[in-house]
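Q: This is a predicted model, with the sequence first.
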Amino acid sequence: MPAWWRGAVSKVARAQAFGPAVVAIILYVFFVLVSPGSGFVGAAGTASWLDTTADLGIVAMPVALLMIAGEFDLSVGSMVGGGSITVGLLTGYLGLPLWLSIVIGLVLGALVGLLNGFLVTRTKLPSFIVTLGTNFIVLGAGITIGDAVMHSTIATVETSGWFSELFKGKIGDFDVSVIWWIVVVLIAAWVLRRSRYGNWIMATGGDADKARRSGVLTSRVKITLFVCTAVAASFVGMLEAVKFGTGDPTSGSSFVFEAPIVAVLGGVLLTGGYGSILGVVFGLLIYGISNAGLFYAGWDVNLTQVVLGVLLLVAVLSNNRLRQIALAPIRAARKGLTK
């Protein structure tokens with residue numbers, strides 16, 4: 001094998017998204033083979049899992065950035081529900097314009113994100129505990145307010161017009177949420193790979209104390225990312241409320257763990273300081289393909305949890321090793337400079 005070819009292969013293998021990409025491709029090919037003629041590979045079949053993946057992906061991107069910075073946000077589930085019931089209450093029940101409900105929902109989401117970031121950075125409490133507490137507070141508040149005002153925890157949302165089509169419209173067989181997801185992916189990828197802020201995120205997750213001594217505003221980085229996760233989750237809740245015609249404060253319960261799971265499947269380390277947006281995209285594809293593939297293969301869809309559990313364990317065990325392989329040339333170069 002020529003040296004240039006070996007170098008190219010080695011470079012690809014060291015890419016952060018290599019492992020998740022291989023797993024996603026293998027899973028897709030596997031389900032294509034075991035479900036012939038089921039429609040899994042058609043436009044409708046692809047849309048059936050990509051639409052759901054897109055909603056989760058809008059939340060998972062900022063969650064992944066926050067995890068790379070070394071923190072967790074388990075309040076995203078209640079924030080999805082909070083955004084959903086906000087639209088249900090303000091537009092579905094009180095009849096306010098949809099655009100106004102969206103603005104109010106995003107502002108409320110930003111305030112919760114600020115609260116999470118402030119508590120984590122000022123009290124030094126683990127973000128896992130802080131945001132888990134916030135998750136219960138927001139969920140309980142949504143249920144209580146909905147029941148007090150509407151005497152119900154679920155509101156019907158009926159919208160029309162061009163603005164509502166931005167949330168419930170379709171492009172062929174695909175929901176418009178896929179476009180929203182692509183926009184979020186492009187922004188997140190640019191921030192992480194092309195901006196100074198991306199370097200700050202990596203440095204904060206790698207070694208916060210060292211980054212702080214180097215001039216990185218680690219607290220500002222974390223607070224900003226907490227705001228982004230809360231706003232993104234609120235947006236998805238409002239998007240789903242308009243799309244499905246129902247505002248429900250409990251609608252985002254699955255996001256609490258699914259967003260971090262797909263980030264880990266995409267190569268993000270639980271300890272922070274390592275990960276890529278492209279890897280998270282493949283992590284999302286792994287989730288979506290597994291979920292839909294079992295259905296189209298005619299198998300028990302409850303096995304999805306088993307598959308994701310196995311893949312999660314494999315990802316956790318292998319991510320650190322893949323990081324060591326990827327950083328080996330850098331360490332070797334540094335070692336050579338110190339001689």
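A: Everything's here; your move.
Q: Point out where the stretch 1-150 of the chain drops to low pLDDT.
A: 1-15 (pLDDT under 70).
Q: For this structure, just list every one of the helices.
A: 3-14, 18-34, 43-68, 76-87, 98-123, 127-150, 162-168, 177-194, 196-206, 208-213, 218-244, 255-265, 277-296, 303-338 (DSSP state H).
Q: Give me whichever of those is most buried.
A: Ranked by mean neighbour count, these are led by helix 76-87 with a mean of 31 (mean count of other CB atoms under 10 Å). C-beta here means a position set from N, CA and C on the backbone, and glycine is covered the same way.
Q: What is that one packed up against?
A: helix 43-68, helix 98-123, helix 127-150, helix 218-244, strand 246-247, helix 255-265 (3 or more CB pairs under 8 Å, 6 or more residues apart in numbering; DSSP states H and E).
Q: Contacts only, for the residue nearest the centre of the chain.
A: The centre of the chain sits closest to residue 60, judged by CA atoms, centre = their mean, with a distance of 0.4 Å. Going by CB atoms under 8 Å, 6 or more residues apart in numbering, residue 60 touches 258, 259, 262, 263, 280, 283, 284.
Q: Same list, the helices of the chain, but as JSON lines with distance to residue 156 please.
A: Formatted as JSON lines, the helices of the chain follow (distance: least, CB to CB, whole Å):
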{"stretch": "helix 3-14", "distance to residue 156": "51"}
{"stretch": "helix 18-34", "distance to residue 156": "36"}
{"stretch": "helix 43-68", "distance to residue 156": "20"}
{"stretch": "helix 76-87", "distance to residue 156": "11"}
{"stretch": "helix 98-123", "distance to residue 156": "14"}
{"stretch": "helix 127-150", "distance to residue 156": "10"}
{"stretch": "helix 162-168", "distance to residue 156": "14"}
{"stretch": "helix 177-194", "distance to residue 156": "20"}
{"stretch": "helix 196-206", "distance to residue 156": "40"}
{"stretch": "helix 208-213", "distance to residue 156": "46"}
{"stretch": "helix 218-244", "distance to residue 156": "10"}
{"stretch": "helix 255-265", "distance to residue 156": "22"}
{"stretch": "helix 277-296", "distance to residue 156": "28"}
{"stretch": "helix 303-338", "distance to residue 156": "30"}
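Q: out of the helices and strands packed on helix 76-87, which comes closest to residue 191?
A: helix 43-68 (7.2 Å; CB to CB).
Q: The closest one to helix 177-194, inter-axis angle?
A: Angle of helix 43-68 versus helix 177-194, following axes from the mean of the first three to the mean of the last three CA atoms, to 10 degrees, is 30 degrees.
Q: Let's have the helices and strands packed on helix 76-87 in JSON lines, adding distance to residue 165.
A: Output for these, formatted as JSON lines (distance: least, CB to CB, whole Å):
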{"stretch": "helix 43-68", "distance to residue 165": "15"}
{"stretch": "helix 98-123", "distance to residue 165": "11"}
{"stretch": "helix 127-150", "distance to residue 165": "26"}
{"stretch": "helix 218-244", "distance to residue 165": "9"}
{"stretch": "strand 246-247", "distance to residue 165": "18"}
{"stretch": "helix 255-265", "distance to residue 165": "24"}
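Q: closest to residue 290 out of the ones you listed?
A: Of the helices and strands packed on helix 76-87, the one closest to residue 290 (CB to CB) turns out to be helix 43-68, at 8.9 Å.
Q: What pLDDT is listed against the residue nearest to residue 211 when sequence neighbours are not counted?
A: Excluding the flanking residues, the one nearest residue 211 by CB to CB, 6 or more residues apart in numbering is residue 203, at 3.8 Å. On pLDDT, residue 203 comes in at 93.
Q: So residue 203 versus residue 266, what's the distance?
A: 20 Å (CB to CB, to the nearest Å).
Q: Over to residue 294?
A: Distance from residue 294 to residue 266, by CB to CB: 20 Å.
Q: Kindly report the same for residue 173.
A: For residue 173 relative to residue 266 (CB to CB), the value is 25 Å.
Q: so who does the residue nearest to residue 211 touch?
A: 210, 211, 214, 216, 218, 273.
Q: do residue 115 as well
A: residue 134.
Q: that older thread, of residue 173 and residue 266, who's got more company?
A: residue 266 (31 against 14; other CB atoms under 10 Å).
Q: wait, what's in contact with the nearest residue to the more buried one once chain neighbours are set aside?
A: Leaving out its chain neighbours, the residue that sits closest to residue 266 by CB to CB, 6+ apart is residue 283, at 2.9 Å. Neighbouring residues of residue 283 by CB under 8 Å, 6+ apart: 20, 60, 261, 262, 263, 264, 265, 266, 267.
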